[in-house]
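Enquirer: okay, structure incoming, though there's no sequence with it:
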RNA sequence: GGAGCUGUCGUCUAGUGGUUUAGGACACGUGCCUGUCACGCACGAGGUCGCGGGUUCGAAUCCCGUCAGCUCCGCCA
């Protein structure tokens, strides 16, 4: 049908007869001459319809409109020096049309493709087939494809086997909310779409595949965010006879390979590592952005004898006074915060759950602050020395329960970094978070819950605390963080049925529930299991960051809105009564 | 479940109680135009101001509710 792609035509084809197909990007009608910019995925080329050259095709070109799909047979000609368009790759040539066929007419498009950046996302999602024609979306999805290709190439070369696991899987009440699928053949029973192929990939290790991976679709029925969709894709892998170091090394190799292959960028490996508690202490989060400083400091000691009620009360209740130092060093240039901006920080901190925020700024070598008059000379001196305060430095202080004050300042840290433009968009800063606690305390349920997941192996150096102080037990889990986004996480898994059962029990799962939900898995652990571990990398997030994009929706062809609706197909939708009957479902309350 | 922001021709937007018969740009239609590439010129068509209620002599504008989209908190083992 065609001999060339629009974007690949160049001076080499001058004089040749070519056939090209594509969408009409733009038509410019000069009465006699008509110019059409023809677009396919490779690029744009100008087609000239000249009545003196071919009057028949010129007549047809009069009817052509934007987004029509046409086929053009013509001759490639070199453009006159004066008419060269240096803005496009094919600007030195043009195609003189001998014959044109309209393959498909098109309604006037709801938006101009080149203008998509300014168009409401709802409209773009409703007409996703048009949005996807844009250079940006083509690039984004092709970028994702390249990452998938590189992943397969790398893992295949390391002895991994790609194995599929069920999409119709088993519901386990642990973890995220499941998407349920009713079973027509088994009335009243349900499959669940997998939140991850976790247990299947472990069992494949028990089956002796040694190493396997899959580019796996995962489903979680939780609320959406800019970086979260109800269905998303993970690079999911599992390895036998390995320790944490082996998995980490494999992933560093994979990420290095992807960046080299896809962006031509050589990353520094190995990546930095931070202990989980250090991450929380210094950055107030388990996914720190290391592209900038703004460290959190514990200044409780300074206020140990303080008469200041807001600090005294917190410290007496075992809380902490913590500070975020915003200084010229981390900012890169001189700064001055207005009263209005300081008030804004207070409000932002409150929106993150702070009961208050105290600010201090150094002006003319004096500390200015709403609490300045309550500070003793000694406290002021210690603050200046401990935090190494210089002229114009700003200190933001939160006093609260230790982890809460860290978390609030961590959120504030991100907010300020964005506001002060501390983020280098071209930098890729990876970091491993290690030494996670095995459990967290679930305030609402009043029981232990796993930090990673219940199959994570405890760090054997701390296993003796399992009974006495379970919250102090560390795990062999690891997260990989890129520019403040968690892009993956994994662990060495429990390979002992007795320990696995004990962990389930500690999580407060009844014996009966354990049998019902995990009986098959506990049994599989009893027939010869290799030490094993793995990791899952969030493919969409990784590609989003690789493409320096703001939203995961930009790397998913047909994403859902924040209320989990597909604007293109209008799913989810109601179904016919008969369909419901077949699967024994009765809608009780649709509201 | 909660907080914030947004909603005006196909698209992007101006309009903060009366001069609005809701204005502009792009797109669209018709005509003219042989070198444009953000083509140009002329004319034209196109709006339940998200929806419902209220306040007012008068509402796109103020108030209440509601819906939708986005960002965030909770949630995401």
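Expert: On my side now, so go ahead. Since we're looking at a predicted model, the values are computed, not measured.

Enquirer: from memory residue A:183 sits against residue A:192, does it?
Expert: No: using C-beta atoms under 8 Å, residue A:183 is not in contact with residue A:192, being 11.1 Å away. Where C-beta positions appear, they are placed from N, C-alpha and C, glycine not excepted.

Enquirer: which of these two has more neighbours?
Expert: The residue with more neighbours, out of residue A:183 and residue A:192, is residue A:192; 19 against 14, by other C-beta atoms under 10 Å.

Enquirer: OK, contacts around that one?
Expert: Applying C-beta atoms under 8 Å, 6 or more residues apart in numbering to residue A:192 gives the contacts A:169, A:170, A:171, A:172, A:178, A:179, A:180, A:181.

Enquirer: one more time with 10 Å
Expert: A:167-173, A:177-181, A:219, A:221 (C-beta atoms under 10 Å, 6 or more residues apart in numbering).

Enquirer: rewinding a little: would you mind listing the residues touching both of residue A:183 and residue A:192?
Expert: Common neighbours of residue A:183 and residue A:192 (criterion: C-beta under 10 Å, 6+ apart): residue A:168.

Enquirer: now do the buried residues in stretch A:524-538.
Expert: A:524, A:525, A:529, A:531, A:532, A:533, A:534, A:535, A:536, A:537, A:538 (16 or more other C-beta atoms under 10 Å).

Enquirer: now for the first one: which residues touch it?
Expert: It refers to residue A:524. By C-beta under 10 Å, 6+ apart, the contact set of residue A:524 is A:199, A:202, A:203, A:206, A:207, A:497, A:518.

Enquirer: and those residues, which is closest to RNA strand B?
Expert: Lowest distance from RNA strand B to those (C-beta to the nearest atom of the strand) belongs to residue A:199, with 7.6 Å.

Enquirer: which element is the closest one on?
Expert: helix A:198-206 (DSSP states H and E).

Enquirer: so which elements touch the longest helix along chain A?
Expert: Secondary structure of chain A per DSSP state H: the longest helix is helix A:135-157. Applying 3 or more C-beta pairs under 10 Å, 6 or more residues apart in numbering; DSSP states H and E, one finds that helix A:135-157 makes contact with helix A:128-131, strand A:161-162, strand A:211-219, strand A:231-240, helix A:244-258, helix A:539-546.

Enquirer: save the ones you listed as TSV, and put in mean pLDDT, distance to residue A:6 and mean neighbour count too.
Expert: TSV is the format used below for the helices and strands packed on helix A:135-157 (pLDDT from 0 to 100; distance: least, C-beta to C-beta, whole Å; neighbours: other C-beta atoms under 10 Å):
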stretch	mean pLDDT	distance to residue A:6	mean neighbour count
helix A:128-131	97	18	18
strand A:161-162	98	35	13
strand A:211-219	97	31	21
strand A:231-240	98	31	24
helix A:244-258	98	30	19
helix A:539-546	98	26	23
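
Enquirer: what sits against the residue nearest to residue A:143 when sequence neighbours are not counted?
Expert: In space, residue A:143 comes closest to residue A:547 once its chain neighbours are excluded; the distance is 5.4 Å by C-beta to C-beta, 6 or more residues apart in numbering. Contact analysis of residue A:547 by C-beta under 10 Å, 6+ apart lists A:136, A:139, A:140, A:141, A:143, A:144, A:147, A:262, A:263, A:554, A:555.

Enquirer: and the last one, how many residues sit next to it?
Expert: The one in question is residue A:555. Residue A:555 sits with 26 neighbouring residues when counted by other C-beta under 10 Å.

Enquirer: what about the closest residue to RNA strand B within the stretch 1-150 of chain A, which helix or strand?
Expert: Distances between the stretch 1-150 of chain A and RNA strand B by C-beta to the nearest atom of the strand are smallest at residue A:31, namely 2.6 Å. Under DSSP H and E, no helix or strand contains residue A:31.

Enquirer: local confidence estimate at it?
Expert: With respect to pLDDT, residue A:31 scores 92.

Enquirer: do residue A:330 as well
Expert: On the pLDDT scale, residue A:330 gets 51.

Enquirer: next up, the contacts around residue A:487.
Expert: Counting by C-beta under 10 Å, 6+ apart, residue A:487 makes contact with A:227, A:235, A:255, A:287, A:430, A:479-481, A:536-545.

Enquirer: any stretches of chain A with poor pLDDT?
Expert: Within chain A, the ranges that satisfy pLDDT under 70 run A:328-335, A:589-591.

Enquirer: for RNA strand B, tell me whether the longest helix of chain A is touching it.
Expert: No: using C-beta under 7 Å from any atom of the strand, helix A:135-157 stays clear of RNA strand B, coming no nearer than 14.3 Å.

Enquirer: thinking again about what came up before, just name the closest of the buried residues of stretch A:524-538 to residue A:349, please.
Expert: Nearest to residue A:349 out of the buried residues of stretch A:524-538 is residue A:538 (C-beta to C-beta; 29.1 Å).

Enquirer: ramachandran angles for the closest residue to that closest one other than its chain neighbours?
Expert: Nearest non-adjacent residue to residue A:538, counting by C-beta to C-beta, 6+ apart: residue A:487, 5.3 Å away. Per-residue torsions, residue A:487: phi -110, psi -10 (degrees, to the nearest 10).

Enquirer: which ones are touching residue A:116?
Expert: A:123, A:124, A:127, A:130, A:131, A:133, A:134, A:135, A:136, A:137.

Enquirer: hmm, back to that, quick one: which of the contacts of residue A:547 has the most company?
Expert: The most crowded member of those, judged by other C-beta under 10 Å, is residue A:555 (26 neighbours).

Enquirer: how about the nearest residue to it, chain neighbours excluded?
Expert: With C-beta to C-beta, 6+ apart, the residue lying closest to residue A:555 is residue A:543, at 4.5 Å.

Enquirer: touching, that neighbour and residue A:145? I think so.
Expert: Yes: between residue A:543 and residue A:145 there is a contact under C-beta atoms under 10 Å: 9.5 Å.

Enquirer: now the common contact residues for those two.
Expert: Taking C-beta under 10 Å, 6+ apart as the contact rule, residue A:543 and residue A:145 both touch residue A:262.

Enquirer: give the contact list for the residue of the stretch 1-150 of chain A closest to RNA strand B.
Expert: Applying C-beta under 10 Å, 6+ apart, the residues near residue A:31 are residue A:51.

Enquirer: for residue A:228, same thing?
Expert: Neighbour list for residue A:228: A:220, A:222, A:538, A:540, A:541, A:552, A:562 [criterion: C-beta under 10 Å, 6+ apart].

Enquirer: can you tell me the helix or strand for residue A:61?
Expert: Counting by DSSP H and E, the element that carries residue A:61 is helix A:55-63.

Enquirer: distance of the spatially closest residue to residue A:353 that is not a sequence neighbour relative to RNA strand B?
Expert: Excluding its sequence neighbours, the residue lying closest to residue A:353 (C-beta to C-beta, 6+ apart) is residue A:408, at 6.0 Å. From residue A:408 across to RNA strand B, the span is 10 Å (C-beta to the nearest atom of the strand, to the nearest Å).

Enquirer: so residue A:408 touches residue A:352, yeah?
Expert: Yes: taking C-beta under 10 Å as the definition, residue A:408 is a contact partner of residue A:352 at 4.8 Å.
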